[in-house]
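Enquirer: dropping a prediction and its sequence here:
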Amino acid sequence: MSGAQRRPHVGRVVALSAVVYAIWLFAAAAPADNEPARESAIGRRVTDVSLPRVGGDAASLGSLAGPRLTVLAFLSAECPMSNAYLESLHATATELHERGVRVVVINPNRQENDEQVARHATEFGVKLPVLRDPNLAVADAVGAKVTPEVFVLDADRVVRYRGRIDDQYLSRLKRREQVTRNDLREAIDELLAGKPVTRPETEALGCPIARPVAKSKNALAGVTFNRDVMKILQDRCQNCHRPGQAAPFSLMNYQQAVKWAADIERVTSEHVMPPWKPVAGFGSFRDEQRMTDAEIATVVAWIKAGMPEGAAGDLPAPRDFAADGWILGEPDLVLTMPGEFAVHGSGRDIIRHFVIPTDLSEDKWVTAVEFHAGNSRVAHHAIFFTDTSGSARRMDEADPQPGFGRGAFFVNNIGAWAVGSQPNPLPDGVGTRLPRGADVVLQMHYHPSGRPEKDRSSLGVYFAKKPVEKQLAGLPIFGMRFIWPEGEDRIKTTGKFVVPVDTHAVSVFPHMHTLGKEFKMTATRPDGSVENLIRIDDWDFNWQQFYFYKQPVPLPKGTVIELESYADNSPGNLSNPNSPPKTVTFGEQTTNEMCIGFIGCTVDDDSEFRELLPFRGRLRQRAAENRRP
């Protein structure tokens, strides 16, 4: 869930290089009050029932069963985890058809109507038979809890395996870098060989199958959805959790909130959502996304009371979201990707750089940028750089595909965008220089949606309308470590920088990769006073963002900025991209590692701005040298 958008803000959630996607960390939820307790389905015979079939007449399970085995795959049109497995389920059905195995899709979600399920099947090219189970006849019979969840039935319709398809996901919506066990396929192979299934039950991770609300509890409630909860969702969640956005599900109505109630209770109570990583009191930031204690208490009370809907007249008016227009008005310059880029339907995330000439005949001051994702189903975040060296063009020309994919170390950042972020004009008198003749490089991070997609995104650029007195500088403070040894679970990295001129910090952006665990930056001024710039104790590579201070932080000449971080390159780090772990070196790729703290700052005397540039150049050169074999 995203924080309330009280005013536009700079694209706050970004990542600087290839990331292991995973949008939104949702651990498997405990059963909600309206869900039956899980019982083992192994050995249970499934009754032959008839269900409505998408695109045809009703069909019975028996009529669709395989001669030897039948896989019942509980899927959802809304769940991205379901979509991620469509391709592999098709492959399983095709490969094993001649061996007597059939795959049947069952959609148990009453919130998804027939038209939506049929449209989803068409858009995603689902060739498998799809049955609707809105009354949960089959789901309750086998105890299905989430989508995706699979059940393997033998020729007598007796359940021999239930659970996940493979171990691709570490937790709900959070992927591991490598699949290490294909549970469904191993169970099928053992059964076809006449052997018992080695692991007949595994825990499926996915989107919850909503059960009916226990209406009898409604009278006990002091809070209702319409009067108390909907406004909280509007303020805190709907900026991301609405149709057309990249959040994995919508929270626009009562039915959707009930479906995700168990997750909402957990992630809000544990402050996982809305995503806000800085430790409270360690830096004073604007636009904090934390839910208040009162808001959390209201949501929990509503869930504990049985999720009463309340009176229709209490429902607040829907939020008015900008549709296709530019939030900041018509840009002075619109930069669009040269052509469409094809995003594969499944597999790893994609990091791609697209070079767009500006053709400017003179330098311009940029005071805001606004990004329009061409396809919000696959666009997760984007970062915008400028390049005057021509190196980006050369890399683009050397790559046969649109754009280029290999890592590129650009530090001339003019903005960023990610799910839920809004544009934010810089304060009057502050701007970022866009040199004449420069290229703008869009670094796009794509997350496969479960079907082949195409994207062509655009960037609106806004030039200063008033004189610019101070330019914004991006000052990188490097943690001076270039090797992360395998097996160690608390690898310390430090960095230090002495500020050469009087400056004011406007923002801070911590950056590490998947091995990172903790990050802290402090500033010690010449008078001995210490400023806590930022501290994150539960680093997550998928939730990186710019944090803007409520007031510019003075960093006089001679201030010592210190960085301290810890990383985990052991098998116990489930985000480790290598299994088993191996020694990792500094680099742009996700399988490399980094430790950088970016300070967005202005120089008090703008004539001294260039004093920062030689330092940045030396850092860039040193980093490049340490990446070489």
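Expert: In hand now; what should we look at?

Enquirer: all helices of the stretch 401-550 of the chain, in order?
Expert: Ranges of helices in the stretch 401-550 of the chain, per DSSP state H, counting those that start in this stretch: none exist.

Enquirer: I'd say residue 198 and residue 190 touch.
Expert: Yes. Applying Cβ atoms under 8 Å as the test, residue 198 and residue 190 come out as touching, 6.4 Å apart. To be clear about C-beta, it is placed using only N, CA and C from the backbone, and glycine gets the same treatment.

Enquirer: so which of the two has more stuff around it?
Expert: residue 190 (18 against 10; other Cβ atoms under 10 Å).

Enquirer: pLDDT value on residue 4, please?
Expert: Residue 4 carries a pLDDT value of 35.

Enquirer: isn't residue 416 right up against residue 380?
Expert: No. Using Cβ under 8 Å, residue 416 is not in contact with residue 380; the gap is 11.8 Å.

Enquirer: now the helices for the stretch 101-250 of the chain?
Expert: For the stretch 101-250 of the chain, the helices defined by DSSP H, counting those that start in this stretch cover 114-123, 137-142, 183-192, 230-236.

Enquirer: please save the CA atoms from the first one in CSV.
Expert: Taking C-alpha atoms only, helix 114-123 is exported to CSV below (Å, rounded to 0.1, in the frame of the first residue of the first chain):
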residue,chain,number,x,y,z
ASP,A,114,-17.5,-14.3,-15.8
GLU,A,115,-16.6,-11.5,-18.2
GLN,A,116,-13.4,-10.7,-16.3
VAL,A,117,-12.3,-14.4,-16.2
ALA,A,118,-13.1,-14.9,-19.9
ARG,A,119,-11.2,-11.7,-20.9
HIS,A,120,-8.2,-12.8,-18.8
ALA,A,121,-8.2,-16.2,-20.5
THR,A,122,-8.2,-14.6,-23.9
GLU,A,123,-5.6,-11.9,-23.1
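
Enquirer: and residue 81, which of the three is it?
Expert: Secondary structure for residue 81, judged by DSSP: H, G, I helix; E, B strand; the rest coil, is helix.

Enquirer: surely it meets residue 175?
Expert: No. Contact between residue 81 and residue 175 fails when scored by Cβ under 8 Å: they sit 9.3 Å apart.

Enquirer: touching both of the two, which residues are there?
Expert: Common contacts of residue 81 and residue 175 (Cβ atoms under 8 Å, 6 or more residues apart in numbering): residue 169.

Enquirer: which of those two has more neighbours?
Expert: Counted by other Cβ under 10 Å, residue 81 and residue 175 do not tie: residue 81 has more neighbours, with 25 against 21.

Enquirer: how near is that one to residue 142?
Expert: 19 Å (Cβ to Cβ, to the nearest Å).

Enquirer: repeat that for residue 118.
Expert: With the distance defined as Cβ to Cβ, residue 118 ends up 24 Å from residue 142.

Enquirer: could you list the low-pLDDT ranges of the chain?
Expert: Along the chain, the parts satisfying pLDDT under 70 run over 1-39, 172-173, 177, 213-221, 244-246, 322-324, 406-411, 418-422, 588-589, 613-629.

Enquirer: tell me how it divides into domains.
Expert: What automatic domain parsing lists as the domains of the chain is 50-208, 215-314, 322-469, 472-629.

Enquirer: got the contact list for residue 539?
Expert: Counting by Cβ under 8 Å, 6+ apart, residue 539 makes contact with 277, 510, 512, 516, 517, 518, 519, 565.

Enquirer: the closest residue to it other than its chain neighbours bridge partners, please.
Expert: The shortest distance from residue 539 to any non-neighbouring residue, by Cβ to Cβ, 6 or more residues apart in numbering, is to residue 516 (4.3 Å). In this entry, residue 516 is beta-bridged to residue 567, by DSSP bridges.

Enquirer: hang on, residue 516 packs against residue 576?
Expert: No. Contact criterion Cβ under 8 Å: residue 516 and residue 576 do not qualify, at 11.0 Å.

Enquirer: who has more neighbours, the two?
Expert: residue 516 (26 against 23).

Enquirer: and for residue 196, the neighbour number?
Expert: Residue 196 has 9 neighbouring residues, counting by other Cβ under 10 Å.

Enquirer: list the contacts for it?
Expert: Residue 196 is in contact with residue 190, counting by Cβ under 8 Å, 6+ apart.

Enquirer: so how far is residue 154 from it?
Expert: Separation of residue 196 from residue 154 (Cβ to Cβ) stands at 11 Å.

Enquirer: other residues contacting stretch 86-104?
Expert: 61, 64-73, 75, 105, 124, 126-129, 131, 165-166, 184-185, 188, 192, 345-346, 450-451.

Enquirer: just how off-centre is that stretch within its chain?
Expert: What separates the centre of stretch 86-104 from the centre of its chain is 30 Å, taken as Cα atoms, centre = their mean, to the nearest Å.

Enquirer: what residues of it count as buried?
Expert: By neighbour count with 16 or more other Cβ atoms under 10 Å, stretch 86-104 contains the buried residues 86, 87, 88, 89, 90, 92, 93, 96, 101, 102, 103, 104.

Enquirer: nearest to residue 266 among those?
Expert: residue 86 (27.5 Å; Cβ to Cβ).

Enquirer: wait, residue 271 sits on residue 290?
Expert: Yes. Using Cβ under 8 Å, residue 271 is in contact with residue 290, at 6.8 Å.

Enquirer: residues contacting the nearest residue to residue 315 once chain neighbours are set aside?
Expert: Closest residue in space to residue 315, ignoring its immediate chain neighbours: residue 226 at 4.2 Å, by Cβ to Cβ, 6+ apart. Contacts for residue 226 (Cβ under 8 Å, 6+ apart) come out as 254, 309, 310, 311, 312, 313, 314, 315, 316.

Enquirer: any idea how far residue 390 is from the fifth one?
Expert: It refers to residue 312. The value you get for residue 312 to residue 390, if Cβ to Cβ is used, is 62 Å.

Enquirer: between the two, who's got more neighbours?
Expert: Legend: neighbour count by other Cβ under 10 Å for residue 312 and residue 390, higher for residue 390 (12 against 7).

Enquirer: in three-state terms, label residue 564 for me.
Expert: Using three-state DSSP, the structure places residue 564 in strand.

Enquirer: how many other residues sit next to it?
Expert: Other residues close to residue 564 by other Cβ under 10 Å number 18.

Enquirer: ok, residue 451 - contacts?
Expert: Counted by Cβ under 8 Å, 6+ apart, residue 451 has contacts 83, 86, 123, 124, 125, 345.

Enquirer: one more pass at 10 Å, please.
Expert: Residues in contact with residue 451, defined by Cβ atoms under 10 Å, 6 or more residues apart in numbering, are 83, 86-87, 120, 123-126, 343-346, 377-378.

Enquirer: nearest to residue 303 among the residues you listed?
Expert: For those, the nearest to residue 303 is residue 83 (27.2 Å; Cβ to Cβ).

Enquirer: dump the residue contacts of that closest one.
Expert: By Cβ under 10 Å, 6+ apart, the residues touching residue 83 are 75-77, 120, 123-124, 126, 147-148, 248, 345-346, 377, 448-451.

Enquirer: likewise residue 530?
Expert: Contacts of residue 530 (Cβ under 10 Å, 6+ apart): 522, 523, 524, 560, 562.

Enquirer: hmm, try it at 7 Å
Expert: Residues in contact with residue 530, defined by Cβ atoms under 7 Å, 6 or more residues apart in numbering, are 522, 524.
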